[in-house]
Structure formats: structure tokens, C-alpha cells
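Asker: what's the 3D shape of this:
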Amino acid sequence: MVEALTSPVQKLLLATRNPSKARELAQLLGELPFKLISLEEAGISETVEETGSTFEENAVIKAKAYVSLSGLLTLADDSGLEVDALGGRPGVLSARYGSPELSDEERLDLLLQELKDVPWEKRTARFRCVIALAWPSGEVRTVEGIVEGVIQYKPEGFNGFGYDPIFHLPDRCCTTAQLPTTEKNLISHRGQAARAAEAILKEDATGL
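Answerer: Next up is the predicted model:
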């Protein structure tokens, strides 16, 4: 088990093994007065199974498990795509949709195939992100971010990851994968949730 930091600079464990998500979270939380620590840096090899039926349940499950393993203030998130024409799928299965072995490109192809006969006005969808913060004291808090959009007929753009290339933003006339990183972080579901989490963490830091 990793010992909790006792110096004035507090550590914040980012509980994800997704390198793209870890990089995005580090960009979003870079101004916090915390040292951001990865699971690898914390010496944690365990993988926590996401058994919840909602994003919030999964985020809390991961945050509680990793704070217990590390003894560190922990941030975990669960996020994904909800497509109205598919009854909210892929939802909590977004990262494993179709099969855990599928690549991001194969998952996009699967989703687009399922929507091939769905007209534009019924291709509405949203990205949802829930971030859970867990303290060694046992306290857990959650925040949420949502961005609305439409599923395109084909991928466009190379910035971002996952379903970004097919998620069209009507007010910007482009996909989230076509946005510059700075602009994407301002409006994205993870960006919204991260700013809400940042406010909580800054408040927590002032009380150290």
C-alpha cells in the first residue's frame, strides 16, 4: 500500500489506466495545488471492476476502491455516450461497446451501422461524465458534466478519442474531434465535471 503524503503538497491520485483520459484530466486539473499521481506511480496494479449500472455508481466504486488501496485523495470518473435512438446505449458500456477487444474505430463503425437508417433529427445524443472524489476519511463527493450533440453519419477530425469523431456539435458545426484542445476542454462533459471537481479540491486545499 502507498503511504499518504505528509508534506504540505498534497497528492491527488488519478484513478484511470486510459492514457488519453489521464492526459486530458492532467490538462484540465493542471492548475490545482496538488501533485497529480497515476496508478502506476502509486504502485497500484489492481484493476477495479465497474459493476455499476450508472456513471455515478461506477465512478464511486472506483474512487472508493483506489482510495482504500492508496491512502491518497482519489479522483475517478466514468463517462460515455448516450444515444437516444438506441435507448441510451452505449451508456456505461461505452468503452467496451460491442466487445472489450474492439478498437475505437471498430466501435464507431458498430454504432454508425446501428444508426444507418436513423434520420438526422433523431440522432440526438449526449456525452455524460461523472467525477467522484474520495478522501481517506471516507468522504465521497460527485459532480457531473453533460454536453448535447448529434451523431454524424461518418467520422471527422483527429483530436480527442473514443466517440469524438462522430459527435457533432450543432452550435459549432463540427465534431468534438475537430475542436482545438483548449476549446474542447472548455465545453466538454469531462471539462465541465473537472471544473466542478476543481472548485471542490481548491476549497479542500485551502483548509490544509
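Asker: measure the nearest residue to E156 once chain neighbours are set aside to E139 for me?
Answerer: Leaving out its chain neighbours, the residue that sits closest to E156 by CB to CB, 6 or more residues apart in numbering is T175, at 5.1 Å. Every C-beta, even on glycine, is put in place using the N, C-alpha and C of the backbone. T175 is 38 Å from E139, where distance means CB to CB, to the nearest Å.
Asker: can you tell me which helix in this structure is longest?
Answerer: Longest helix of the chain, by residue count under DSSP state H: helix 189-206.
Asker: in contact with T47, which residues?
Answerer: Taking CB atoms under 8 Å, 6 or more residues apart in numbering, we find T47 in contact with R17.
Asker: kindly recompute the last result at 10 Å.
Answerer: R17, L39, K62, A65 (CB atoms under 10 Å, 6 or more residues apart in numbering).
Asker: what do you get for V67?
Answerer: Contact analysis of V67 by CB under 10 Å, 6+ apart lists 4, 13, 15, 73-76, 132-140.
Asker: same question for L169.
Answerer: Residues near L169 by CB under 10 Å, 6+ apart: V147, E148, G149, V150, T175, T176, Q178, L179, K184, I187, S188.
Asker: as TSV, those with pLDDT would be great.
Answerer: As requested, the contacts of L169 are exported to TSV (pLDDT from 0 to 100):
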residue	pLDDT
V147	97
E148	98
G149	98
V150	98
T175	97
T176	95
Q178	97
L179	95
K184	90
I187	92
S188	92
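Asker: and those residues, which is closest to D117?
Answerer: V150 (15.6 Å; CB to CB).
Asker: am I right that the closest one is in a strand?
Answerer: Yes: residue state for V150 (DSSP: H, G, I helix; E, B strand; the rest coil) corresponds to a strand.
Asker: quick one: buried residues of stretch 110-123?
Answerer: L111, L112, E114, L115, V118, R123 (16 or more other CB atoms under 10 Å).
Asker: how close does the fourth one sit to Y163?
Answerer: Spatial separation of L115 from Y163 under the definition CB to CB is 12 Å.
Asker: please enumerate the shared neighbours of the two.
Answerer: Here L115 and Y163 have V83, A125, I151 as joint contacts, going by CB under 10 Å, 6+ apart.
Asker: which of those residues sits closest to E24?
Answerer: For those, the nearest to E24 is A125 (19.6 Å; CB to CB).
Asker: report the mean per-residue pLDDT for whichever strand or helix holds that closest one.
Answerer: Using DSSP states H and E, A125 sits in strand 124-134. The average of the pLDDT scores along strand 124-134 is 97.
Asker: from here on, count from 426
Answerer: Fine by me, first position is 426 from now on; the one you just mentioned is strand 549-559.
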